[in-house]
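Asker: return a 3D structure for these sequence lines:
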Amino acid sequence: MPNEKSRLYDEEEDRQSVQTVAAHEEASLGMWLSVVPTVLAPLLFGYALGYTSPTFRPSGVAAGSKDYFDVAMAMSDNQKTWIGSLPNFGAAAGALLGGMPVDAFGKKAGMCMSNLMYAIGFTLLVTTPIVVPFHEDGHGNATADHDNTASIAQLYVSRIVLGVGMGLSCVATPAYQTEISTTNLRGVLGSAFQISIVTGLVLADAVGFGMTWQPMAYMGLAMACVGMVLCALIPESPQWLVNKGRNDKAEVALRKMRSPGTDFAALLSNLHVVKTESELELESKGDKLGELLKYPRNKALAIGVGLMIMQQLTGINAVMGYASNIFSYAISDSESSEDKAHWSNMYAMFGQILQLVVTLIAARVTTAVDRKKMLTIAAGGMIVSTAVMEIYFFSGSTWSEDKTVETKSMSGLFAVVGLMMYIASFACGMGAIPWLMLGELFHPGIRSTASAVCTAVNWMLSFAVMKTVTQLQDGFGGGKTGMGWVFFFYCSVIVVGIALVNIFTPETRGKSYNAVERELRGKKKQGYENVDADDEF
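Answerer: Below you'll find the predicted structure:
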């Protein structure tokens, strides 16, 4: 069994190498203190993204209070979708354009810029003039007595700027976390970014219980200001300092983030090796986009883009962004407006907490289960849950008045369970696995280029999904019937997407890039391959 012997030898060699590097370093309190600002930036990411969920007026709730964001600004349904979706557009721009300033000024500076964007965005939001006076148009909608164009325009700008901060967070924060971490803690810190985003979403819904839209925005502004101060106090990434030839400062930074017994000479030597490899890679790889479009790498790119399409067209960002409004459909019309708003926000917060818990569990399971199997399990749960939601919305739209309050309440609970199952199923695999597979489908020489393309596709699709959810609902007949057809559309995408994944996507867990590329060429090799010696670009 030569393949098995080779695999075991390579695994032992890798294990000894990791132990050797780990022996050179031990985290100090300074490293953990440096991690704090890196957690706050993605927390603001989730908070800014989830801001609209508790602040928009839930469906069926009377429009008489300026406590609701959309009511205070007399927003139309179309304007609400722009407000909800524009951060995704800004994030795509921030992620694509943020690489150059982060490269030039450092990871620490990149996180400071991210927090600055959050601060500017929330400042624009809280200083937007409220559109008053206003009245109801007879259908429960708020209508401005004078033009609200200037206020809406300022809100659009604020949401785009917040999105740019989100994109910069994606560029600077994970890289900083990786570069300051000890070898044995990289897995822990690597999962902190996603967990912090989900925590921010939970925080937005939780704060929404006790605060209206303006205090919530002030809270976001305060967190951004704290983030800027904290980022100014932490050391710059030692790897970035070495890359810029600032070796003395790199050693100072390392001494702040490692215990006194650390072999600093060996650590600096490792950083110089990484610098040399990076320089050689930049000199030798040439046209990375051209290489990416060559067969079979173009096939890997098609798979990566396809995974992003499937992830976003499941509708998860629309569901999470408008969670309170969607949950409000599941609450009996016999409830008062105040109770309906309370329970819709409560269910939305429970959904965010559930997503956080399942994300934490999935982070541990992912290392032991094949990627395609995890995706298939997640897709199966989402198909069942969207089917549950379709049944509820389609049957609910045809209820006659003789249905009892108890029957409607039980059906509403059925819908809530279905929606919670949808969120949990997404979190167990559909959220993280596509991103994980991006790192395994592409050669390191073109991985960053491929990731940039796929990330841009992901953000633009997220923008499109959040922008069109209300239009889709209205186009399918509006109300519960329209929402039922929206979930039918999402369910159809999941069915087609997971079928294509199982037909065309190679399994990537535990395989080298060369092994994956051979499968893409249709030349699957026998045996388990962990490492290839010929990983040439």
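Asker: show me where the stretch 1-150 of the chain has helices.
Answerer: Assigned by DSSP state H, counting those that start in this stretch, the helices in the stretch 1-150 of the chain fall at 2-23, 29-49, 52-55, 69-72, 77-97, 99-105, 107-126, 149-180.
Asker: tell me what the third one is packed against?
Answerer: By that I understand helix 52-55. Here helix 52-55 touches helix 69-72, helix 77-97, helix 186-210, helix 213-233, helix 316-321, helix 323-328, helix 337-365, going by 3 or more Cβ pairs under 8 Å, 6 or more residues apart in numbering; DSSP states H and E. In short, each C-beta sits where N, CA and C put it, glycine included.
Asker: residues making contact with it?
Answerer: Contacts of helix 52-55 from elsewhere in the structure, counted by Cβ atoms under 8 Å, 6 or more residues apart in numbering, are 68-70, 80, 83-84, 204-205, 207-209, 212-213, 216, 320-324, 345, 348-349.
Asker: off-centre distance for it?
Answerer: Distance of helix 52-55 from the chain centroid (Cα atoms, centre = their mean, to the nearest Å) equals 18 Å.
Asker: go on, the last one?
Answerer: Helix 149-180 sits 13 Å away from the centroid of its parent chain (Cα atoms, centre = their mean).
Asker: need the contact list for the closest residue in space to Asp77 that isn't next to it in sequence.
Answerer: Spatial nearest neighbour of Asp77, excluding adjacent residues (Cβ to Cβ, 6 or more residues apart in numbering): Thr470 at 5.1 Å. Thr470 sits next to Asp77, Asn78, Lys80, Thr81 when contact means Cβ under 8 Å, 6+ apart.
Asker: from Leu40, how far out is the first one?
Answerer: What that stands for is Asp77. 34 Å (Cβ to Cβ, to the nearest Å).
Asker: wait, isn't Ala206 in contact with Gly351?
Answerer: No - judged on Cβ atoms under 8 Å, Ala206 makes no contact with Gly351 at a distance of 12.0 Å.
Asker: who has more neighbours out of these two?
Answerer: The residue with more neighbours, out of Ala206 and Gly351, is Gly351; 27 against 16, by other Cβ atoms under 10 Å.
Asker: so that one sits against Ser344, correct?
Answerer: No - using Cβ under 8 Å, Gly351 makes no contact with Ser344, being 10.7 Å away.
Asker: give me the common contacts of those two.
Answerer: Shared contacts of Gly351 and Ser344, counting by Cβ under 8 Å, 6+ apart, come down to Phe327.
Asker: and the contacts of helix 52-55, which of them are buried?
Answerer: 68-70, 80, 83-84, 204-205, 207-208, 212-213, 216, 320-324, 345, 348-349 (16 or more other Cβ atoms under 10 Å).
Asker: any idea how far Gly167 lies from Thr455?
Answerer: 9 Å.
Asker: look at those two and report which has more neighbours.
Answerer: Set side by side, Gly167 and Thr455 show more neighbours around Gly167, with 27 against 21, by other Cβ under 10 Å.
Asker: for the more buried one, give me its contacts.
Answerer: Shown in contact with Gly167 (Cβ under 8 Å, 6+ apart): Gly90, Ala91, Ala92, Ala93, Gly94, Ala95, Leu96, Leu97, Gly98, Trp459.
Asker: redo those residues as JSON lines? Include neighbour count, distance to Ala265 and pLDDT.
Answerer: Output for these, formatted as JSON lines (neighbours: other Cβ atoms under 10 Å; distance: Cβ to Cβ, whole Å; pLDDT from 0 to 100):
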{"residue": "Gly90", "neighbour count": "26", "distance to Ala265": "44", "pLDDT": "91"}
{"residue": "Ala91", "neighbour count": "31", "distance to Ala265": "41", "pLDDT": "89"}
{"residue": "Ala92", "neighbour count": "23", "distance to Ala265": "42", "pLDDT": "86"}
{"residue": "Ala93", "neighbour count": "16", "distance to Ala265": "42", "pLDDT": "87"}
{"residue": "Gly94", "neighbour count": "26", "distance to Ala265": "38", "pLDDT": "87"}
{"residue": "Ala95", "neighbour count": "23", "distance to Ala265": "36", "pLDDT": "81"}
{"residue": "Leu96", "neighbour count": "16", "distance to Ala265": "38", "pLDDT": "80"}
{"residue": "Leu97", "neighbour count": "13", "distance to Ala265": "38", "pLDDT": "82"}
{"residue": "Gly98", "neighbour count": "23", "distance to Ala265": "33", "pLDDT": "79"}
{"residue": "Trp459", "neighbour count": "26", "distance to Ala265": "42", "pLDDT": "86"}
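Asker: closest to Gly290 among these?
Answerer: Distances from Gly290 to these, taken as Cβ to Cβ, are shortest for Leu96 (18.7 Å).
Asker: does the nearest residue to the closest one once chain neighbours are set aside sit in a helix, a strand or a coil?
Answerer: Of all residues not flanking Leu96 in the chain, Ala456 sits nearest, at 5.7 Å (Cβ to Cβ, 6+ apart). Under the three-state scheme (DSSP: H, G, I helix; E, B strand; the rest coil), the conformation of Ala456 reads as helix.
Asker: count the neighbours of Ala456 for me.
Answerer: Neighbour count of Ala456, defined by other Cβ under 10 Å: 18.
Asker: any idea how far it is from Leu241?
Answerer: 29 Å.
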